[in-house]
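1. 3D, please:
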Amino acid sequence: MTTEFTLRRADPGDAATIAEMRVRSSAERNAGVAPERSDAFRAACEAALEAELREGDTRIWLAFEGERAVGTATLMLMRTLPRIRSRSGIVADARDGRVRNVYVEPAYRGRGIAQALMREVLNEARRERVDRLTLGASDMGRPLYEKMGFVAKRDEMIYEGS
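-> Numbering: from 1, shown residues only. Coordinates of the predicted model:
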C-alpha cells in the first residue's frame, strides 16, 4: 500500500505539531507516562522547538498526507574541534550533526516516509558540510539507518546526569 505524502522543512510556526509528535513518540517508548507529565513535556518541547527553529542550527522536516502531519525528522548542527581523518587528513572546519526525533505515526510506517525524511536530513548534512553525523537507533529504525550507510560504533557512551 502506497501513501502519497509530501515533505517540507518546518518553521517556528510548526513547533506545536512537532511537539505533539514528540509526545506520541515518547509515549510509545515510555508506556504509562501520566497525562499531566505529557502536557508539561508537550509545552516544554513546543517552546524549545520554536526557539531552535528560530536560531537556525536545528533543521526539522515534516511529512504530510494531505494536511495531516504524519512524520518528522530533526538535524541538529554544531561546530566542533578540528580532527584527523585517515583518508582526508586534518579537517580544520569540522562540523557535527545529530539526527533526532525520526518519527512516523504507526499507521503510516512501512511506506517509505522515514526513508524520505532521512534523505532530506542527509542532503542537508551534505549541503552544510557535516563531517560526522550520529543518531540513536531503535531496533525498529536500525535496518533503515544501516541501509542508508550508518554503522554501529562501539566506543560511545552516554551520561544522563543525576
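2. average pLDDT for the longest strand along the chain?
-> For the chain, the strand that runs over the most residues, judged by DSSP state E, is strand 68-79. Averaged over strand 68-79, pLDDT sits at 96.
3. keeping just the C-alphas, turn it into CSV.
-> Taking Å, rounded to 0.1, in the frame of the first residue of the first chain, the C-alpha atoms of strand 68-79 are listed here in CSV:
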residue,chain,number,x,y,z
ARG,A,68,-2.1,15.8,8.3
ALA,A,69,1.4,15.7,9.6
VAL,A,70,2.4,12.0,9.8
GLY,A,71,6.2,12.1,10.3
THR,A,72,9.1,14.2,11.3
ALA,A,73,13.0,14.1,11.5
THR,A,74,15.4,16.6,13.0
LEU,A,75,19.0,17.5,12.2
MET,A,76,20.9,19.5,14.9
LEU,A,77,24.1,21.1,13.7
MET,A,78,27.1,22.0,15.8
ARG,A,79,30.7,23.2,15.3
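4. who's in contact with Ala63?
-> Contacts for Ala63 (CB atoms under 8 Å, 6 or more residues apart in numbering) come out as Phe5, Thr6, Leu7, Ala69, Val70, Gly71, Thr72, Val104, Tyr108, Ile113, Ala116, Leu117. The C-beta positions use only the backbone N, C-alpha and C, and glycine is treated the same way.
5. what strand or helix carries Ile90?
-> Assigned by DSSP states H and E, Ile90 belongs to strand 89-91.
6. and that strand, which residues are buried?
-> By neighbour count with 16 or more other CB atoms under 10 Å, strand 89-91 contains the buried residues Val91.
7. can you pull the contacts of the closest residue to Ser38 other than its chain neighbours?
-> Nearest residue to Ser38 in three dimensions, chain neighbours excluded: Val23, at 5.3 Å (CB to CB, 6 or more residues apart in numbering). Contacts for Val23 (CB under 8 Å, 6+ apart) come out as Ser38, Phe41, Arg42, Cys45.
8. if anything else comes up later, I'll come back, but that's it for now.
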